[in-house]
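*Asks:* Quick one: sequence and predicted model below, then my questions.
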Amino acid sequence: MTMKKGDAHLFPEKGTDTAGGRGAQRSVRPLFAKKVCVPFLLLFLAFSTAFAQDAAELKAERAASDRLKGEHPLVELMREQKSKLKPELAGVHPRVYVTTAGLEVLRQRARTTHKEVWQRALANVRALKVEPPKPPAQERRVQNEVGMGIAEAALAYKVEGDPKYLAAAKKYMEAAVSYKVWGYSYNKPDVDLAAGHLLYGLGWGYDLLYHDLTPKERERYRAKLVRQAKLMHEFFAPKEGKTYAYSQNHTSIPIAGLGVAAYALYDEVPEAPQWAALARAIFDRVLDTYSEDGYFYEGFEYWIFSVPWMFHWLDAHAHATGEDLYDRPGFRRMHTYVAHTMLPRGEYVFDFGDTWEGPETRAKRGKEYPRSHPDGHFHTNFNLLYRMAARFKDGEAQGVAQWLERFGHVNKEDYWSLLWYDASVAPVPMEKQSRWHYFKDHEVAFWRSDWGPDATALAFKCGPPEGHHAKAKLEKFADWRPSAGHAHPDAGSFIVYADGAYLTGDSGYAGVPLTVHHNTVLVDGKGQAREGDGHDAWKGAPYERLDKTRIIEAKLDERGMRIRADATGSYMPELGLKRFERSFEYAHPVGAASAATVGAEAPPTVTIRDTLEADALRTFTSVLHADGKIAKAADKRFTLSNGPATLSAQLGAPEFVLATIEPNDLTGAGKPGSVDKGERVVRGERLLLATTPMRSVKFVLKLTWPAPPASD
């Protein structure tokens, strides 16, 4: 039978027409045929809790404002922290990242130890290949490319001495000056991501090419830098009651650009020392709120996008002032996150958080694939790990970087490898690195059978959006305003990869992230945190409650992966959920890397056991995703497919549920400033296993691969 729209579970998104946008649903023969009814009382409670939620958010905002009365904390940091240009660099150009002597070192590297990485960079100088966009240049991220293109061509000229690179750099510099608005005229003009890119590119280009520019050119570029830096400084300057999203890329990227421009103009413009001091103060908080276990909460796409800008500021600050701020736990462990997030064949990643388009990108289609895989090569910015290997003399980081390089991965700024790669650091081969890791602060566990391309790999996630360390930092920093929209409401979710494919799927970047987009549980059709009200599902959710979400026990070894977790804290009190404990167990067949090497008598199996309790009668729904299709195979058994790869999902408990297979439709990402206003899209399918209203239930679900024939 076909479910009526009124019978379907509701996954509301504010401002979304759920009646017309969900696509065709299909219900398999129900394992529990009685229609599920939601009492009118629940509707009343939903309205009353919404008012309570708004009041709680307003109270929290007022409390934060009260804590910021008087002098802003950043003002003291600006006075006390080091941001003054080293005396020997006064009146010197270049000076931001290298001096004239440093350029000579780079020239030697380019002809000897770094010849291969440098030739790769020279082969892809964008200013020689692509004309800069004409003003107003409002297409997505095109101004970003101009900023990086300036730096790339300018460095190529200073190393190679070929006039074609100088001409290319000037062409891009002229383009940057021609843009009246840096960024999008309709969203945060002059103070956001593109402005950060262009301050960095034009600032470093001005510094590198200072003696190669005419006085008129110097004045023209300096005037534009001053104008844009003043706008940026004015926007980010501390004021009474002002809060900052320190852990978010919309803070670190613009401020990195401001810092680079400040050091480029430090003794030429009276305001530049103030710009440098503000950048130093803000980065004090950016670094303090960064991951402590190496896991990146916004997802791998944003690790690629965000982390380079932390490095760009750190390197500029260290060279200009002599203060090295790199030694952070999250930086030392960064390579571990990259290694375990990468799938065995190096074509994609475990995509927790906002990461491209999920099944669409994995299938090498969709609008994001050309950006994530330019010319078919995965863009991972692996040369960031060269910097970590060099800074910490870490052979494991070097080994991970070279592993990704062998996959044919590419970098957005290959020219940095000339500065970052340290050939003296011996790489530790992947085969000698651990095949499993538990990120205790963010509560994410990864396991794989080996480091080969045919490995089985699993991931499980059950923690607060920015890790446990965020709770103490929020209490310490009244000026920190969390902005965790790129982290999804997915506590208790998991991903299974085997036989060269995603077997359980995840959904990718969502304009309005919902729990139903992940392999976890709904209560009365609703999910975690404050989902459905825009892009940030966590806005207004008390972190002390979210912090209770955790992995209770994690055992990772040769034999497999055994996890016990408590996701209760990620659901708000109005849902009445008193307990949600999940166990996730995988016992790996001895000596087997993939299902192809496992005998028919012992297929690989993941067992998920859930214990759920509520304060009243509630409908509990277990959700499972497939990149491809889901079909009913037998009583209480379903087959999930992704190309030729298949997985069997066998329900062991409860005895009766309503099973629904439907398109995994969601709101895709909209334009900057309107991310939650994107188009409705479908990414794979999802299986919903819903109970009748009850106070408690135990789910048992066994996943095996490959799936047996439907008749078995």
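*Replies:* Received the coordinates, thanks.
*Asks:* For the chain, identify the residue most remote from the centre.
*Replies:* P215 (42.9 Å; Cα atoms, centre = their mean).
*Asks:* Give me the distance between that residue and Y221.
*Replies:* 11 Å (Cβ to Cβ, to the nearest Å). Placement of C-beta: from N, CA and C, glycine included.
*Asks:* Domain map for this structure?
*Replies:* With domains defined by automatic domain parsing, the chain comprises 5-65+434-704, 68-342+380-432.
*Asks:* To Y369, which of the ones you listed lies closest?
*Replies:* Of all the domains of the chain, it is domain 5-65+434-704 that lies closest to Y369, at 11.3 Å by Cβ to Cβ.
*Asks:* Give me the residue at the spatial middle of this structure.
*Replies:* Nearest to the mean C-alpha position of the chain, counting by Cα atoms, centre = their mean, stands G299 at 2.2 Å.
*Asks:* Distance to E357 for the domains of the chain - can I get that in TSV?
*Replies:* Listed next are the domains of the chain as TSV, based on distance: least, Cβ to Cβ, whole Å:
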stretch	distance to E357
domain 5-65+434-704	5
domain 68-342+380-432	10
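*Asks:* lowest-confidence stretch among the ones you listed?
*Replies:* Among these, domain 5-65+434-704 carries the lowest mean pLDDT, a mean of 86.
*Asks:* returning to what we had before: hmm, D351 and the residue nearest to the centre of the chain touching each other?
*Replies:* Yes: judged on Cβ atoms under 8 Å, G299 makes contact with D351 at a distance of 6.6 Å.
*Asks:* contacts for the top strand by length along the chain?
*Replies:* If you go by DSSP state E, the chain has its longest strand at strand 605-618. Residues from elsewhere that reach strand 605-618 (Cβ atoms under 8 Å, 6 or more residues apart in numbering): 39, 458, 494, 496, 521, 523-524, 575-587, 620, 622, 693-704.
*Asks:* which ones among the residues you listed are found in strands?
*Replies:* Those of those lying in strands (DSSP E): 458, 494, 496, 521, 523, 577-587, 620, 622, 694-704.
*Asks:* So how do I select the buried members of those in ChimeraX?
*Replies:* Buried residues among those (16 or more other Cβ atoms under 10 Å), as a ChimeraX selection:
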select :458,494,496,521,523,577,578,580,581,582,583,584,585,586,620,622,697,699,701,702,703,704
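*Asks:* one step back: got a list of what the residue nearest to the centre of the chain touches?
*Replies:* Counting by Cβ under 8 Å, 6+ apart, G299 has contacts D351, F352, G353, D354, T355, H486, A487, Y509.
*Asks:* try 7 Å this time
*Replies:* Contact analysis of G299 by Cβ atoms under 7 Å, 6 or more residues apart in numbering lists D351, F352, G353, D354, T355, H486.
*Asks:* Hmm, D351 and the last one touching each other?
*Replies:* When you say that, I think you mean H486. No: the criterion here is Cβ atoms under 7 Å, and H486 misses it with D351 at 11.7 Å.
*Asks:* Can you get me a residue count around H211?
*Replies:* The local packing of H211 (other Cβ atoms under 10 Å) involves 9 other residues.
*Asks:* Same question for W447.
*Replies:* 25.
*Asks:* Does anything pack onto whatever helix or strand it lives in? Which helices or strands?
*Replies:* Under the criterion of DSSP states H and E, W447 resides in strand 444-448. On a contact count with 3 or more Cβ pairs under 7 Å, 6 or more residues apart in numbering; DSSP states H and E, strand 444-448 meets strand 436-439, strand 457-461, strand 550-557, strand 560-566.
*Asks:* what do you get if the cut-off is 6 Å, keeping everything else the same?
*Replies:* With contacts taken as 3 or more Cβ pairs under 6 Å, 6 or more residues apart in numbering; DSSP states H and E, strand 444-448 sits against strand 436-439, strand 457-461.
*Asks:* Could you work out which of those strands reaches nearest to R406?
*Replies:* Among these, strand 457-461 sits nearest to R406 (Cβ to Cβ), with 17.9 Å.
*Asks:* Show me how far the helix or strand that the closest one is followed by is from its chain's centre.
*Replies:* Under the assignment DSSP H and E, the closest C-terminal helix or strand after strand 457-461 is helix 469-476. Distance, stretch centre to chain centre, for helix 469-476: 21 Å (Cα atoms, centre = their mean, to the nearest Å).
*Asks:* From here on, call the first residue 596.
*Replies:* Noted, 596 is the first residue going forward, which turns the last one into helix 1064-1071.
*Asks:* Quick check: buried residues in helix 1064-1071?
*Replies:* Buried residues in helix 1064-1071, counted by 16+ other Cβ under 10 Å: H1064, A1065, K1066, K1068, L1069.
*Asks:* Same check on stretch 754-770?
*Replies:* Going by neighbour count (16+ other Cβ under 10 Å), the buried part of stretch 754-770 is V754, E755, Y760, L761, A763, A764, K765, K766, Y767, M768, A770.
*Asks:* Would you mind pulling the contact partners of that stretch?
*Replies:* Stretch 754-770 is touched from outside by 701-702, 705, 722-723, 727, 741, 744-745, 748-749, 751-752, 800, 807, 816, with contacts defined as Cβ atoms under 6 Å, 6 or more residues apart in numbering.
*Asks:* isn't T1216 right up against L1283?
*Replies:* Yes: contact criterion Cβ atoms under 6 Å: T1216 and L1283 qualify, at 5.3 Å.
*Asks:* who has more neighbours, the two?
*Replies:* Taking neighbours as other Cβ under 10 Å, T1216 and L1283 compare with T1216 leading, 26 against 22.
*Asks:* That one: what's it in contact with?
*Replies:* Contact analysis of T1216 by Cβ under 6 Å, 6+ apart lists L1117, L1283, A1285.
*Asks:* need the helices and strands packed on strand 1039-1043 in CSV with distance to P833, can you?
*Replies:* CSV is the format used below for the helices and strands packed on strand 1039-1043 (distance: least, Cβ to Cβ, whole Å):
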stretch, distance to P833
strand 1031-1034, 33
strand 1052-1056, 35
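*Asks:* Show me the one of the ones you listed that comes nearest H907.
*Replies:* Nearest to H907 among these is strand 1031-1034 (25.3 Å), distances taken as Cβ to Cβ.
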